[in-house]
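S.K.: Any chance you could fold what I've pasted below:
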Amino acid sequence: FWISLTIVIERNFSNSFCMIRGRIIHKHKALNYKIIQMSSSETSNDSLPNWANIIQTNIDKSKDPSTKYLQLATAKKNGEVFCRTVVFRGFMQSLGKIPNLKTQALIKIVTDRRNNKILELKENPKVEICWYFTKTREQFRIKGNAKVIFFDEDDEMWLKARNDQWNLLSKDDKSFYSGPCPGTDINLATEPEAFDLNAPVDNFCLLVVQPYSVDHLSLKANERFIHSLTDKN
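M.R.: Coordinates of the predicted model:
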């Protein structure tokens, strides 16, 4: 079938994300699009882009801890794809001397440096996140570049961010990083070694994702929003 596409561009962009808004009228009728920019007054947190505010609002208003679970997909250079569920640890602003990570909505995740995803990200730092909120029936597909902050990070501000994230973990979560290597045969596993709760163990890593494209689908409203990072910064 044919799709009629109407595009209106409004200028005076006030921040680094532009959004394409679309509403499906009927699959056999017109599909209307409008390219617009959300001003800071339309967001609940001026330091976050609109899409991140929507995600944060969904989490804050829900009592369901599963709203913090998202799917993170990685791929090796040979094209082999891996996907797993991880826990969202919050948004943060870029820090330090990493010029390609200057954005106000880095997505924080934690991981073990012995995990296979570390090798996958070393080969290919590009990732995609898929996040679905059942209550509002909204899906977010987020493409981005990932960076892993290890224990030997030479940028003090990023190292501090890693340490701060460690201090937010529960005692049980911290114990995972002193235990057996992920994927170890259960019959060969040993009890976690004793460690200092106040200092991150070497296996603990902070993983941050810089989104450059966010595809936001609202099934309830029958609308789709495409957010794109407009420049390198």
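
S.K.: what about the helices in the chain?
M.R.: Listed from the start of the chain, the chain has helices (DSSP state H) covering 50-61, 116-123, 156-167, 171-176.

S.K.: need the helix or strand of the protein with the lowest average pLDDT.
M.R.: Ranked by mean pLDDT, DSSP states H and E, the helix or strand of the chain with the weakest confidence is strand 5-6, at a mean of 34.

S.K.: can you tell me which residues contact Glu80?
M.R.: Contacts for Glu80 (CB atoms under 8 Å, 6 or more residues apart in numbering) come out as none. Every residue, glycine included, has its C-beta placed from N, CA and C.

S.K.: any idea how far the lengthiest strand in the chain is from the chain center?
M.R.: If you go by DSSP state E, the chain has its longest strand at strand 204-218. Relative to the centre of its chain, strand 204-218 is centred 3 Å away, using CA atoms, centre = their mean, to the nearest Å.

S.K.: just to revisit the earlier point, could I get the helices of the chain in CSV, plus columns for distance to Asn222, mean pLDDT and mean neighbour count?
M.R.: Compiled in CSV, the helices of the chain are given as follows (distance: least, CB to CB, whole Å; pLDDT from 0 to 100; neighbours: other CB atoms under 10 Å):
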stretch, distance to Asn222, mean pLDDT, mean neighbour count
helix 50-61, 16, 94, 18
helix 116-123, 35, 95, 16
helix 156-167, 38, 93, 17
helix 171-176, 39, 88, 13
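
S.K.: out of those helices, which comes closest to Gln71?
M.R.: Distances from Gln71 to each of the helices of the chain were compared using CB to CB; the shortest belongs to helix 116-123, at 12.5 Å.

S.K.: Can you name every helix or strand that that closest one contacts?
M.R.: The contact analysis (3 or more CB pairs under 8 Å, 6 or more residues apart in numbering; DSSP states H and E) places helix 116-123 against strand 69-75, strand 81-87, strand 106-112, strand 138-149.

S.K.: That's all I had, so thanks and see you.
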